[in-house]
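just a sequence and a predicted model for now, questions to come.
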Amino acid sequence: DAGVIQSPRHEVTEMGQEVTLRCKPISGHDYLFWYRQTMMRGLELLIYFNNNVPIDDSGMPEDRFSAKMPNASFSTLKIQPSEPRDSAVYFCASRFGSSYNSPLHFGNGTRLTVT
Amino acid sequence: AQSVTQLGSHVSVSEGALVLLRCNYSSSVPPYLFWYVQYPNQGLQLLLKYTSAATLVKGINGFEAEFKKSETSFHLTKPSAHMSDAAEYFCAVSGPTGANNLFFGTGTRLTVIP
């Protein structure tokens, strides 16, 4: 099992540019989560999907952020336009089922720097 | 509202010494509690979880944690630190809507001194 795969590992972009982060969950997992990690705010849940359907996007900061899951094996998080305060590490995670006994599996993250 | 507080953003211990990482929680419902570990440039991995069974929970790599309702605490311990334990540790509590909304603490970076 290859685990949760995120790309790119690092992204450096200029303010105002569009940024797209990608995630491939573990095969068979039906839940997918996007988290953002910053020094100031720690780890925050942005949005999660169940069977490709967005369930809770209340953590998405503002309209500049959008997430899609066109199929069970792929999800994107897009920021348009990007701003310096979006600089953070973005994690994708997946799990099978909603039981507390089913652990979250995290990818290695995408480190985004917006200059 | 759900939240966790991790006391001490940085903890240093000598190799072989006791590791104690503190976590206190606030929850409007009976909590489910988790400890995750993050090694450099990696995602978080589950260390252990409390899901209302035994209050003393054993996890991977020799770590354990004890749920104390009276103290609203879920501290993480390991009797003897190894160099490989150097990482960042996160405590998390489940939200009222279930396991799909975890509230993480801000993390504690553990340094192990040889």
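Nice, I can see it. Residues are numbered from 1 along each chain as shown, chains lettered A, B, ... in the order given.

hey, let's count contacts and neighbours off CA atoms from now on
Noted.

return the distance of stretch B:97-106 from the chain's centre.
13 Å (C-alpha atoms, centre = their mean, to the nearest Å).

close to chain A, is that stretch?
Yes - remark: stretch B:97-106 sits within contact range of chain A at B:98-106, by C-alpha under 8 Å from any C-alpha of the partner chain.

send me that stretch as PDB with only the CA atoms.
Output of stretch B:97-106 as PDB, limited to C-alpha atoms (Å, rounded to 0.1, in the frame of the first residue of the first chain):
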ATOM      1  CA  THR B  97     -20.500  15.300  15.300                       C
ATOM      2  CA  GLY B  98     -18.300  12.300  15.600                       C
ATOM      3  CA  ALA B  99     -15.000  10.900  14.500                       C
ATOM      4  CA  ASN B 100     -14.800  13.000  11.300                       C
ATOM      5  CA  ASN B 101     -14.100  16.200  13.100                       C
ATOM      6  CA  LEU B 102     -11.000  16.100  15.200                       C
ATOM      7  CA  PHE B 103      -9.700  19.100  17.100                       C
ATOM      8  CA  PHE B 104      -5.900  19.100  17.400                       C
ATOM      9  CA  GLY B 105      -3.700  20.700  19.900                       C
ATOM     10  CA  THR B 106      -0.900  22.900  18.800                       C
END
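
which residues are contacting that stretch?
A:39, A:41-45, A:48, A:98-100, B:2-6, B:9, B:90-95 (C-alpha atoms under 8 Å, 6 or more residues apart in numbering or on different chains).

out of those residues, which are buried?
Among those, those scoring as buried are A:42-45, A:48, A:100, B:2-6, B:90-95 (criterion: 16 or more other C-alpha atoms under 10 Å in any protein chain shown).

among the residues you listed, name the ones in strands.
Under the assignment DSSP state E, these contribute A:42-45, A:48, B:3-5, B:90-95 to strands.

just grab the bridge partners of the residue most central in space within chain A for me.
Nearest residue to the geometric centre of chain A (C-alpha atoms, centre = their mean): residue A:34, 3.0 Å. Residue A:34 forms beta bridges with residue A:47, residue A:92, as assigned by DSSP bridges.

same check, this time on the one 4 residues further on
On DSSP bridges, the residues paired with residue A:38 through beta bridges are residue A:42.

now do the contacts for the residue nearest to the centre of chain A.
A:45-48, A:77, A:90-93.

now render these as JSON lines, adding distance to residue A:16 and pLDDT.
Compiled in JSON lines, those are given as follows (distance: C-alpha to C-alpha, whole Å; pLDDT from 0 to 100):
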{"residue": "A:45", "distance to residue A:16": "24", "pLDDT": "92"}
{"residue": "A:46", "distance to residue A:16": "21", "pLDDT": "95"}
{"residue": "A:47", "distance to residue A:16": "23", "pLDDT": "96"}
{"residue": "A:48", "distance to residue A:16": "26", "pLDDT": "95"}
{"residue": "A:77", "distance to residue A:16": "16", "pLDDT": "98"}
{"residue": "A:90", "distance to residue A:16": "18", "pLDDT": "97"}
{"residue": "A:91", "distance to residue A:16": "22", "pLDDT": "95"}
{"residue": "A:92", "distance to residue A:16": "23", "pLDDT": "96"}
{"residue": "A:93", "distance to residue A:16": "27", "pLDDT": "95"}
